[in-house]
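In: Task: produce atomic coordinates for the following.
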Amino acid sequence: MGHSGSRHKPEARILLLGLDGAGKSTLLYKLKYNEDFHTVSTVGFNVEMIESAW
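Out: Numbering: from 1, shown residues only. Predicted coordinates for the structure are as follows:
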């Protein structure tokens, strides 16, 4: 239980899954930077921390 005046920012973890070339990395960087990016095929995986004012 927290103090009545404390504010806790809710946390969410999101997993993006999809076929090759589906735009997962493009969506990730659009959410993080709010800009359009041209990405090359990702080998492996991406992990990013995104903070929001929501």
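In: And the helices in this protein?
Out: Taking DSSP state H as the criterion, the chain contains helices spanning 24-33.
In: so where's it shaky on pLDDT?
Out: 1-6, 54 (pLDDT under 70).
In: hmm, try it at 80
Out: Residue ranges of the chain with pLDDT under 80: 1-9, 37, 52-54.
In: could you pull out the strands for it?
Out: Ranges of strands within the chain: none, based on DSSP state E.
In: show me the contacts for F37.
Out: S25, T26, Y29, K30 (C-beta atoms under 8 Å, 6 or more residues apart in numbering). Placement of C-beta: from N, CA and C, glycine included.
In: Need the buried ones from those residues selected in PyMOL.
Out: Provided next is the PyMOL selection string for whichever of those are buried by 16 or more other C-beta atoms under 10 Å:
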select buried, resi 25+29
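In: V47: which of the contacts of F37 is nearest?
Out: S25 (11.5 Å; C-beta to C-beta).
In: and I50, how many neighbours?
Out: 11 (other C-beta atoms under 10 Å).
In: switch to numbering from 59
Out: Sure, I'll start counting at 59 from here, so that last one is I108.
In: excluding its backbone neighbours, what's nearest it?
Out: The shortest distance from I108 to any non-neighbouring residue, by C-beta to C-beta, 6 or more residues apart in numbering, is to K90 (5.0 Å).
In: Could you count how many residues lie near L86?
Out: 19.
In: Revised request: answer the last question for T100.
Out: For T100, using other C-beta under 10 Å, the count is 11.
In: next one: D78
Out: So D78, with other C-beta under 10 Å, has 7 neighbours.
In: pretty sure the residue nearest to I108 is touching N104, no?
Out: No. Look at K90 against N104 with C-beta atoms under 8 Å: they stay out of range, at 9.9 Å.
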